[in-house]
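Engineer: Return atomic coordinates for the entry below.
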Amino acid sequence: MNTAETLPAPFDLAAVMANLQNEQFLHVPVALLQVKGGFNHRRYFDEAALNDLAEDIRRNRIAQPLVIRPNEDKTVFYIIAGERRYRAAQIAGLTNVPCIVRLVSEAEAYAISVSENAQREDVSAAEQAVIAHRAVGLSDGDREEACRLLGWSRKKLNARLLLLHCDKSVLSAVAERKISIGHAELLAGLPKELQAQTLPSLIDKGVTVAQLKEHLGRYAYRIDSAAFDTADCAKCQHNSAQGNDLFGESIGDGRCLNQSCFNEKTAQWIEAKKAEAADEYGVVYLDTEKPADQRVYLVRDGLKGVGREQYATCQSCARYGALMLTEKGREGELETGVCF
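Structural biologist: Numbering: from 1, shown residues only. Coordinates of the predicted model:
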């Protein structure tokens, strides 16, 4: 059946716009509908699923009307909710589609869109992360209010917000079903540049969630092994504890997934300890600064001893001091009585 044959025609845009009412039901020409840039939270529409929906629309028409509002100069209607149905209607070749008009402000329309998309089962976790972020913004930072707007639990809201630590490429891969939410949850603790570098290999090699979890478990540093003060690590996004209770996949509590940060803080701590040691020992080198063939451990007595007089002389030499270790697990340890 040709849908257009059953619809009232013609569509007098000027007359319709002049007499619009809130909650009014209209059959609107597809040509008069627009998606406002940056408004919708959906970024990925599965082509096969859209074609299936288009075929269903050809047979049964659109069951649920789109939600629309007039644009500022009343020349077209912006879609508040129903972009997927709109796209499928275009594929199906429909001339007009059923719509409900909402005479609401931009902010109100945005809230409706956020709420409507949050309830859809086909919205990916990545898209839900964007929805969660915007819902919190609409609620002026009040997460409880955001939960009410979305109809979500606090745990789900927090879990989706935590996914925003993922690089955009990772979120896109989740939305496009190239990787699962489990992959994204595990990657979220890594620095974004490392996520982006890792992603192509995950996809190309078909790395499973379990394999990624095992790899990251070996890669991550235990925070309780750190030489430096870890007070700031408690709330760090690279601390695996952040997602342990929220995500379905985690490598467990107390792991640092940012090796470069961990190593940098360790290096800073070692440098500070080295400066302290220099006050007592004069010259202090790190084991990475002086290879083994450039240092001698002095002994005063015995077969290898240099003797009491020479030993005393060496202690006042500018090349006599201490060696500070940097190897993992022994950071900051000192070996004294060293001639460089």
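Engineer: rest of the way, CA atoms for contacts and neighbours
Structural biologist: Will do.
Engineer: name the helices or strands packed onto the worst-scoring helix or strand of the chain on mean pLDDT?
Structural biologist: Ranking every helix and strand in the chain by mean pLDDT, DSSP states H and E puts helix 106-118 at the bottom, with a mean of 79. Counting contacts by 3 or more CA pairs under 8 Å, 6 or more residues apart in numbering; DSSP states H and E, helix 106-118 packs against strand 77-81, helix 125-138, helix 143-150.
Engineer: do that again at 10 Å, thanks
Structural biologist: The contact analysis (3 or more CA pairs under 10 Å, 6 or more residues apart in numbering; DSSP states H and E) places helix 106-118 against strand 66-70, strand 77-81, helix 125-138, helix 143-150.
Engineer: buried residues in the last one?
Structural biologist: In other words, helix 143-150. Neighbour counts over helix 143-150 (16 or more other CA atoms under 10 Å) mark 143, 145, 146, 147, 149, 150 as buried.
Engineer: if we can go back for a sec, got TSV for the helices and strands packed on helix 106-118, with mean pLDDT and distance to residue 182 too?
Structural biologist: TSV is the format used below for the helices and strands packed on helix 106-118 (pLDDT from 0 to 100; distance: least, CA to CA, whole Å):
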stretch	mean pLDDT	distance to residue 182
strand 66-70	93	33
strand 77-81	91	28
helix 125-138	88	10
helix 143-150	89	22
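Engineer: Show me the one of the ones you listed that comes nearest residue 267.
Structural biologist: Across these, residue 267 has its closest neighbour in helix 125-138 (35.4 Å, CA to CA).
Engineer: And the closest one, what's buried?
Structural biologist: So for helix 125-138, counting by 16+ other CA under 10 Å, buried means 125-136, 138.
Engineer: Stretch 302-315 too?
Structural biologist: Buried residues in stretch 302-315, counting neighbours by 16+ other CA under 10 Å, are found at 311, 314, 315.
Engineer: wait, is the first one part of a strand?
Structural biologist: No: going by DSSP: H, G, I helix; E, B strand; the rest coil, the assignment for residue 311 is helix, not a strand.
Engineer: Could you find the closest non-adjacent residue to it?
Structural biologist: Leaving aside its sequence neighbours, residue 311 sits nearest to residue 300 (CA to CA, 6 or more residues apart in numbering; 5.6 Å).
Engineer: can you tell me which residues contact the one you found?
Structural biologist: Residue 300 makes contact with 306, 307, 308, 309, 310, 311, 312, 337, according to CA atoms under 10 Å, 6 or more residues apart in numbering.
Engineer: how much space is there between it and residue 312?
Structural biologist: 9 Å (CA to CA, to the nearest Å).
Engineer: what's the overlap in contacts for the two?
Structural biologist: By CA under 10 Å, 6+ apart, the residues touching both residue 300 and residue 312 are residue 306.
Engineer: all strands for the stretch 151-300 of the chain, in order.
Structural biologist: 221-222, 255-256, 283-286, 296-297 (DSSP state E, counting those that start in this stretch).
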